[in-house]
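>>> here are the coordinates; sequence isn't available:
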């Protein structure tokens, strides 16, 4: 086997923790390992089959040792909430190269309850500690959000475009008992809610939850012999990119270079065009990210993202379903949401989603990390 | 004096923080390509040349983007504050806080001219900004 793309590597197991939301009785390590055990069972494999391990948030060998695994391949890539997209890409390369046969990627985070983890603390000598945090950029809602008015004004758009993102995604999480926000909301109601950081109101900011998720990857060849074979999801293409550790130092406040680079790379390596994509999962810690991503990857033209969403194209029944679990804005956001975006793409491709979109054959997943720092993208399919 | 986190300088950033303490902000300029950069590094990020020269800048900027934080962390001891990105006249962009203006979008427009306002924070001095024309 030689290619990491083109469907030669597959996701054969995928699972979230039994509960997501508020889980005060589980440590972070338990959230990783519960997810791991569920994903391995989902694949029809055992922990003895795992020879590669990856995660962000824990030293990888904390997780493998806890599970009784002695891996021969380890990836601790930690570039923010989108690290898991990079783990999938790196795992595919390792499997294609023969450096690992079966890779387990885990996520667990006690973002709400803070069990088994230390609180975030400032480092006043870090770049952020010197050049951003003293000026007010301590919370994500007053940091990740700072370029947004430049984006909106450069396109003649406004804060209603942010509200429409929330309203559209809530149609997908509506009624889902696992979703933290699961009742319909109008754009007017979003705008009328408490202001967190102008132009952002409450529902334009993600929820904060506890939870975990895990993925198991192996070669498509091996996937064919597993009990989970009929539910296999193949990796067609992928990309990754990095830009800046400081939001203030983005090359362009109105377009993120890492979205453009990682998005282009994923489509190129998959050998597909935008028109081939049936379903989108875009990491949405805040409501502006789907707008940037739609435009930066080229699913719509510059300045068209707001109308595209407001016109209903990404809602249930629309032609390009987006964030069909409700996203980080409505479903769950532990602090590193990327794992949940991939989980929902897998559910849609398997036909197992809470609110299933019709005829999903190709899903495009785009993650972001450390604010406008890094990006990772995946093109997944249920075809082979 | 303002309340909030105090920056801790490192060897390559110390000249910047020394300059703000002297109320005369300086940035590193590349002696090869002539461009100023920010945050301070020990080589030019544009042409990668190693030789830099610290020069005083005008303290003038324009407003590139902002949020009005209605829930600042307790360490700031304020009800709201304007967290802004500003383009210095010399080229680089930096994050700052806009002060001495209403915390209202009607009082702020992108592109508006700003002037530096040096403000003590612990043992350092921060370059905050005010709308140009506001008396010191």
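Yes, it's here. Just so it is clear, the structure is predicted and the values come from calculations on it, not from any experiment. Residues are numbered from 1 along each chain as shown, chains lettered A, B, ... in the order given.

>>> Mark out where each domain of chain B begins and ends.
Domains of chain B are assigned by automatic domain parsing as B:10-57, B:58-136.

>>> Deepest-packed of those, please.
The highest mean neighbour count among the domains of chain B, using mean count of other Cβ atoms under 10 Å in any protein chain shown, belongs to domain B:58-136: a mean of 18. Where C-beta positions appear, they are placed from N, C-alpha and C, glycine not excepted.

>>> What about residue A:140, how many residues nearby?
16 (other Cβ atoms under 10 Å in any protein chain shown).

>>> tell me how far the ends of stretch A:194-212 are from each other?
End-to-end span of stretch A:194-212 (Cα to Cα, to the nearest Å): 29 Å.

>>> Now do the buried residues in it.
Of all the residues in stretch A:194-212, those buried under the rule 16 or more other Cβ atoms under 10 Å in any protein chain shown are A:195-201, A:203-212.

>>> For chain B, which segments are assigned as helices?
B:14-21 (DSSP state H).

>>> what residues does it put near chain A?
B:4-10, B:13, B:17, B:38-39, B:64-73, B:75-76, B:81-85, B:93-97, B:105, B:110, B:121, B:126, B:128 (Cβ under 8 Å from any Cβ of the partner chain).

>>> Could you check which residue of the stretch 251-384 of chain A lies nearest chain B?
residue A:253 (5.6 Å; Cβ to the nearest Cβ).

>>> For that residue, give me its contacts.
A:147, A:150-151, B:64-65, B:85 (Cβ atoms under 8 Å, 6 or more residues apart in numbering or on different chains).

>>> picking that back up, check the buried residues of stretch A:194-212 against chain B, which are close?
Among the buried residues of stretch A:194-212, chain B is touched by A:195-200 when using Cβ under 8 Å from any Cβ.

>>> And the furthest pair within those residues?
A:196 and A:199 (9.8 Å; Cβ to Cβ).

>>> how about the residues of chain A near chain B?
Counting by Cβ under 8 Å from any Cβ, the residues of chain A near chain B are A:122, A:124-125, A:127, A:129-139, A:141-143, A:145-151, A:153, A:194-200, A:246-249, A:253.

>>> do that again at 6 Å, thanks
Chain A comes close to chain B at residues A:122, A:124-125, A:127, A:130-138, A:142, A:145-147, A:149-150, A:153, A:195-198, A:248, A:253, as judged by Cβ under 6 Å from any Cβ of the partner chain.

>>> Just the buried ones from the residues you listed?
By 16+ other Cβ under 10 Å, the residues of chain A next to chain B give A:122, A:124, A:127, A:130-138, A:142, A:145-147, A:149-150, A:195-198, A:248, A:253 as buried.

>>> Keep only those of these that are in strands.
A:195-198 (DSSP state E).

>>> export those residues to TSV and tack on pLDDT?
Shown next, in TSV, are those (pLDDT from 0 to 100):
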residue	pLDDT
A:195	98
A:196	98
A:197	98
A:198	98
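
>>> what ranges do the strands span in chain B?
Listed in chain order, the strands of chain B (DSSP E) span B:26-30, B:52-56, B:60-69, B:81-88, B:93-98, B:113-121, B:124-131.

>>> sorry, back to before: for my notes, please list the domains of chain B in CSV and give mean pLDDT for each entry.
Output for those, formatted as CSV (pLDDT from 0 to 100):
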stretch, mean pLDDT
domain B:10-57, 98
domain B:58-136, 96
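
>>> Which member of the contacts of residue A:253 is positioned nearest residue A:308?
residue A:151 (15.0 Å).

>>> ok, the closest residue to the closest one other than its chain neighbours - contacts?
Using Cβ to Cβ, 6 or more residues apart in numbering or on different chains and skipping the chain neighbours, the partner closest in space to residue A:151 is residue A:254 (4.7 Å). Counting by Cβ atoms under 6 Å, 6 or more residues apart in numbering or on different chains, residue A:254 touches A:150-151, A:154.

>>> So which of those belong to helices?
Using DSSP H, these in helices are A:150-151, A:154.

>>> can you put those residues in CSV and add distance to residue A:338 and pLDDT?
Shown next, in CSV, are the ones in helices among the contacts of residue A:254 (distance: Cβ to Cβ, whole Å; pLDDT from 0 to 100):
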residue, distance to residue A:338, pLDDT
A:150, 25, 98
A:151, 22, 98
A:154, 27, 98
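
>>> and of the residues you listed, the nearest to chain B?
Top of the list for closeness to chain B, among the ones in helices among the contacts of residue A:254 and by Cβ to the nearest Cβ, is residue A:150 at 3.8 Å.

>>> which residues does the spatially closest residue to residue B:114 that is not a sequence neighbour contact?
Computed as Cβ to Cβ, 6+ apart, the closest residue to residue B:114 that is not its neighbour in sequence is residue B:129, at 4.1 Å. Taking Cβ under 6 Å, 6+ apart, we find residue B:129 in contact with B:86, B:96, B:98, B:114, B:116.

>>> need the residues you listed in a markdown table with distance to residue A:77, can you?
Formatted as a markdown table, the contacts of residue B:129 follow (distance: Cβ to Cβ, whole Å):
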| residue | distance to residue A:77 |
| --- | --- |
| B:86 | 33 |
| B:96 | 33 |
| B:98 | 37 |
| B:114 | 39 |
| B:116 | 39 |
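
>>> what bridges to residue A:366?
In this entry, residue A:366 is beta-bridged to residue A:282, residue A:377, by DSSP bridges.

>>> any idea how far it lies from residue A:153?
According to Cβ to Cβ, to the nearest Å, residue A:366 and residue A:153 sit 24 Å apart.

>>> Repeat that for residue A:188.
Taking Cβ to Cβ, one finds residue A:188 at 22 Å from residue A:153.

>>> and what of residue A:8?
Applying Cβ to Cβ to residue A:8 and residue A:153 gives a distance of 45 Å.

>>> Residue A:345 now?
Residue A:345 sits 33 Å away from residue A:153, going by Cβ to Cβ.

>>> before we move on, what about residue A:331?
According to Cβ to Cβ, residue A:331 and residue A:153 sit 30 Å apart.

>>> Kindly report the same for residue A:179.
For residue A:179, the distance to residue A:153 - Cβ to Cβ - is 32 Å.

>>> What lies in contact with stretch B:104-111?
So stretch B:104-111 is in contact with A:153, B:62-63, B:101, going by Cβ under 6 Å, 6+ apart.

>>> Repeat that for stretch B:57-74.
Stretch B:57-74 is contacted from outside by A:136, A:138, A:142, A:145-147, A:149-150, A:195-198, A:253, B:25, B:27, B:78, B:80-90, B:103, B:110-116, using Cβ under 6 Å, 6+ apart.

>>> Could you do stretch A:116-131 as well?
Residues from elsewhere that reach stretch A:116-131 (Cβ under 6 Å, 6+ apart): A:27-29, A:110, A:245-246, B:5, B:7-8, B:10, B:39.

>>> can these go into TSV with extra columns for distance to residue A:227?
Output for the contacts of stretch A:116-131, formatted as TSV (distance: Cβ to Cβ, whole Å):
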residue	distance to residue A:227
A:27	31
A:28	30
A:29	28
A:110	32
A:245	44
A:246	48
B:5	53
B:7	56
B:8	55
B:10	55
B:39	53
